[in-house]
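1. okay, predicted coordinates and the sequence, questions at the end:
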Amino acid sequence: MSPTTLPAGPEHGHVTFLGAGPGDPGLLTLRAVEALASADVLVAEHEVLDVVRTHARPGVAVLDPDTHPSSGADPGVGTPQQAAVDGVSTTAGAPAVRDAAHLVMEAARGGRRVVRAVSGDPGLDGYAAEEMLVCAAAGVPFEVVPGIASAVGVPAYAGVPLRDAQGADVRFVDARTASDRCWTEVGSSDGTVVVSTTLDSVAAAAVELVSAGRKPDTPLTVTIAGTTTRQRTWTATLGTIAQTLKQAKVLPSPDGGRPVIAVVGERGAAAQRDQLSWFESKPLFGWKVLVPRTKEQAASLSDQLRSYGAVPHEVPTIAVEPPRTPQQMERAVKGLVTGRYEWIAFTSVNAVKAVREKFEEYGLDARAFAGIKVAAVGEQTAKALIAFGVKPDLVPSGEQSAAGLLEDWPPYDPVFDPIDRVFLPRADIATETLVAGLIELGWEVDDVTAYRTVRASPPPAETREAIKGGGFDAVLFTSSSTVRNLVGIAGKPHNVTVIACIGPATAKTAEEHGLRVDVMAPEPSALKLAEALADFGMKRRAAAMEAGDPVTRPSERRPGARRRRTT
């Protein structure tokens, strides 16, 4: 029987205790994703919920033990008993554990499948173990899906291996519950110690280790917000960590301190971190990048930006709407079915979407393209066609644009082409380049408005303030209309924000609006634009390190700092 088809009793249901890992949603296991997809109820603290919710099915009931505990009645009744600090649950006594467990069991009533998600690994979460015992005593069937423990995952993302070829001993200590005996044992050894503590208490943990026998010059690394784009790591020694944090202007936390992972020991690779820090050295690590496109177009670009360590923020500047007069589009789609066209050319993902929606309206599918040659202006448009079930016959081998498409487009030949007509569904504001080029090649063109692009509504006030106040590190402009529309609905980006444009025409529009362009894609492709921005970030980082300056993001520059034009 598949793990996803475990039987749920009619009365008790079934509970999956699931490890959500240390913070990066990409570290969820395949089994965790399966369990989330089949859950009826998801129980998770807010910070954990942000990691797992995208894999839950639509309509899943979500319960937060912090704000939705039970006190013996149905979920939703009672007073909060459990709190969470930066993703680490803290419980004020056994009653809170019982309430959280009761919430899980109540959720499982009636045969429902419940996922109880916890940070890290449930096997290392004492409260999760207590909840499992309560479920077992009540006869509620459950399973455990392990997750990556923070004490293991965070050092890996910080570039700090816990063992070397000599196989050094590794000890794990939770400083919040460690006894004097525990400190004595780890202090007397020479192995690597991984300490789970808080930022406010890490200096005290260092003192404990020195008092227990570790040398003050023992290297250590301290990592906060590990595995996320907010990750930050300091390298010091047990004797200097307090001063290091003070110089870094790390302020005390009013909530008792943010959780951190400290790795202590000669083999804990404080010395190796310069070579092994793969995550924080990504070219756009921590950069907040504005992506002003339609939401459908932004997805793949945002994914690529994340791979470079950036935090994309999608702001729709263009809304796509149907044409005001749909009759022309309706006639063209009917012409596809009746054999009017030899070719259909798609110049955008939105054009594919518009034709697909019209097909569905008429009860048609991809089979209606039989006998018709299909062209796509670039890779993203081709992917949209393939998702529709259509493999394009022509995609530009060079530049992914109307000009590139024309370079590969065959001239009309009455011997080989029984029909001389091309269907071109496109936006109402598209240029005439492709139409003129096809006519020059001997083709007749039905140039049809498949959709309209209009200015989107303004983004929230906080986003507008961040745009104008320098809260973004970079903005990617993928067309002249995105420049005009963003400035129109949100204002001009601050002068410290890096401006990246997809091509010369877009760059010219940006300059006309008073913006200085720092980055331009080598070819008109959104993915190439992201690559160009990553290259800019990498060179910027290298220059700072060569000069001995701290690596900062553009938004961390002092107010009013001017940007140099890059060539």
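-> In hand now; what should we look at? Residues are numbered from 1 along each chain as shown.

2. please count neighbours and contacts with C-alpha atoms only from this point.
-> OK.

3. which helices and strands sit right next to whichever strand or helix holds residue 246?
-> Here residue 246, judged by DSSP states H and E, is contained in helix 241-247. Helices and strands touching helix 241-247, by 3 or more CA pairs under 8 Å, 6 or more residues apart in numbering; DSSP states H and E, are helix 202-211, strand 232-237.

4. what element comes up after the longest one heading to the C-terminus?
-> Translated: helix 202-211. Defined by DSSP H and E, the subsequent element after helix 202-211 is strand 219-224.

5. tell me which residues are up against that following strand.
-> Surrounding strand 219-224, the residues in contact under the criterion CA atoms under 8 Å, 6 or more residues apart in numbering are 154-155, 158, 199, 230-238, 258-266, 268, 270-271.

6. avg pLDDT for it?
-> Strand 219-224 shows a mean pLDDT of 93.

7. just checking: what are the partner strands of it?
-> strand 232-237 (antiparallel), strand 259-264 (antiparallel) (DSSP bridges).

8. related to what we said a few turns ago, of the contacts of strand 219-224, grab the buried ones for PyMOL.
-> Of these, the buried ones can be selected in PyMOL as follows, counting by 16 or more other CA atoms under 10 Å:
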select buried, resi 154+155+158+199+231+232+233+234+235+236+237+238+258+259+260+261+262+263+264+265+266+268+270+271
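
9. kindly list the single helix or strand of this structure that scores lowest on mean pLDDT.
-> strand 82-85 (a mean of 30; mean pLDDT, DSSP states H and E).

10. before we move on, back to that, so which of the helices and strands packed on helix 241-247 is nearest residue 37?
-> Taking CA to CA, strand 232-237 is the member of the helices and strands packed on helix 241-247 nearest to residue 37, at 32.4 Å.

11. could you give me the average pLDDT of that closest one?
-> Taken as a whole, strand 232-237 has a mean pLDDT of 93.

12. could you list the low-pLDDT ranges of the stretch 201-350 of the chain?
-> Across the stretch 201-350 of the chain, residues meeting the criterion (pLDDT under 70) sit at 251-257, 267-271, 294-299.

13. contacts only, for residue 469.
-> 493-494.

14. quick one: it and residue 181, what's the gap?
-> Between residue 469 and residue 181 the distance is 52 Å, computed by CA to CA, to the nearest Å.

15. out of the helices and strands packed on helix 241-247, the one nearest residue 554 is which?
-> Here strand 232-237 is closest among the helices and strands packed on helix 241-247 (CA to CA), at 16.8 Å.

16. how about low-confidence regions in the stretch 401-550 of the chain?
-> 430-431.

17. convert the C-alpha atoms of whichever strand in the chain runs longest to CSV, please.
-> As assigned by DSSP state E, the longest strand anywhere in the chain is strand 444-455. The C-alpha trace of strand 444-455 is given here as CSV (Å, rounded to 0.1, in the frame of the first residue of the first chain):
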residue,chain,number,x,y,z
GLU,A,444,-0.8,37.1,-46.3
VAL,A,445,-1.3,38.0,-42.6
ASP,A,446,-4.5,38.0,-40.5
ASP,A,447,-3.2,40.4,-37.7
VAL,A,448,-5.7,39.8,-34.9
THR,A,449,-6.0,41.5,-31.5
ALA,A,450,-6.2,38.5,-29.1
TYR,A,451,-5.9,40.5,-25.9
ARG,A,452,-5.5,44.0,-24.6
THR,A,453,-2.9,45.2,-22.1
VAL,A,454,-3.9,47.8,-19.7
ARG,A,455,-2.3,49.5,-16.7
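
18. strand partners (parallel or antiparallel) of it?
-> By DSSP bridges, strand 444-455 pairs with strand 318-321 (antiparallel), strand 421-427 (parallel).

19. list the buried residues in it.
-> For strand 444-455, a neighbour-count test (16+ other CA under 10 Å) marks 444-453, 455 as buried.

20. of those residues, which is the nearest to residue 195?
-> residue 455 (51.9 Å).

21. what residues are up against the closest one?
-> 317-319, 485 are the contacts of residue 455 under CA under 8 Å, 6+ apart.

22. show the buried residues in those.
-> 317-318, 485.

23. touching, residue 472 and residue 555? I think so.
-> Yes - Residue 472 sits in contact with residue 555 when judged by CA atoms under 8 Å, with a separation of 6.1 Å.
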